[in-house]
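K.L.:
take a look and give me a structure for this.
(one chain, ligands or ions: 1)
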Amino acid sequence: MSARSRIIGPYDEQRHALIAHLRSRGITDPDVLQAMDLVPRERFVQDFMRNRAYEDTALPIDDRQTISQPYTVALMTQALGVHDGMKILEIGTGSGYQAAILAAMGAKVITIERHPKLSAQARERLAALGLSAECRVGDGTIGYTGKAPYDGIIVTAGAPDVPEPLARQLSIGGRLIVPVGDLEQQTLYRVTRTADEAWNVEDLGPVKFVPLIGVEGWQADG
Ligand code: SAM
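P.N.:
Presented below is the predicted three-dimensional model:
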């Protein structure tokens, strides 16, 4: 699927309604709204949940994880300031939906997931839509030095603190969007690397995510 092509299907009306809703909640970036109007979210949820794909809510996926709420996806993508050709690392592939939005906006996407099954499902979904993203399995809290530095890094799970390896894998001017807090609630931060050893941190408001598990995140249960 090219960024400009359009999926025609039974969910078109619901998808357009969701876009209007996102606009009413303050999402203004036309490229974010266009990408979310192109990518069929129903293809990223479990089959029996397809009729709920355009509710503005997180939904359960396999391995006790979630596909994020559309408003949160829009907010984080807008905060990243995505443009064509931008190199973006995503931590927490989950369903693959966020990666699909970034790819539809013309970004070069590398996405890391700790659950191999979710990564394989996401790879399949993205390929079926003709969207290109490199899906890797591993602990994303340490980033991926193989393709660093990144113009943008987006973490779609809640961290106890800003993972330092991720801040260090940003290019100068690069932005890291990361939820930081406890297991109940987090604050969405935008961390911009302003110089070799300088980062600016902005508070973008409260969010709620499943935990980021890894050496620079929370410990896994049991
Ligand atoms: N971006 C996803 C989407 O569009 O569906 C939603 C992500 S879900 C809220 C958070 C994901 O982060 C889960 O799939 C979880 O397994 C993953 N995760 C948690 N810790 C991780 C880590 N250290 N490295 C990679 N993935 C991680």
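
K.L.:
wait, what's in contact with the most centrally placed residue in the chain?
P.N.:
Compute the mean C-alpha point of the chain, and by C-alpha atoms, centre = their mean the closest residue is residue 98, 3.8 Å away. Neighbouring residues of residue 98 by C-beta atoms under 8 Å, 6 or more residues apart in numbering: 68, 73, 76, 77, 90, 111, 154, 156. C-beta: built from backbone N, CA, C; applies to glycine.

K.L.:
near the ligand, from these?
P.N.:
68, 156 (C-beta under 6 Å from any ligand atom).

K.L.:
neighbour count added to the contacts of residue 98, as a markdown table?
P.N.:
Below are these laid out as a markdown table (neighbours: other C-beta atoms under 10 Å):
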| residue | neighbour count |
| --- | --- |
| 68 | 25 |
| 73 | 26 |
| 76 | 24 |
| 77 | 26 |
| 90 | 29 |
| 111 | 29 |
| 154 | 26 |
| 156 | 28 |
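
K.L.:
before we move on, the earlier item: which pLDDT value goes with the residue nearest to the centre of the chain?
P.N.:
On the pLDDT scale, residue 98 is placed at 98.

K.L.:
flag every residue of the chain that's near the ligand.
P.N.:
Those residues of the chain that sit near the ligand, judged by C-beta under 6 Å from any ligand atom, are 65-68, 91-92, 94-95, 97-98, 112-115, 118, 139-141, 156-157, 209-210, 212-214, 217.

K.L.:
how many other residues sit next to residue 200?
P.N.:
As a burial measure, residue 200 scores 11 neighbours (other C-beta atoms under 10 Å).

K.L.:
going forward can the numbers begin at 316, since that is how I track them
P.N.:
That works, and once the first residue is 316, the last one we named lands at residue 515.

K.L.:
excluding its backbone neighbours, what's nearest it?
P.N.:
Leaving out its chain neighbours, the residue that sits closest to residue 515 by C-beta to C-beta, 6 or more residues apart in numbering is residue 507, at 4.7 Å.

K.L.:
same check on residue 443?
P.N.:
Nearest one to residue 443, counting by C-beta to C-beta, 6+ apart, is residue 358 at 7.4 Å.
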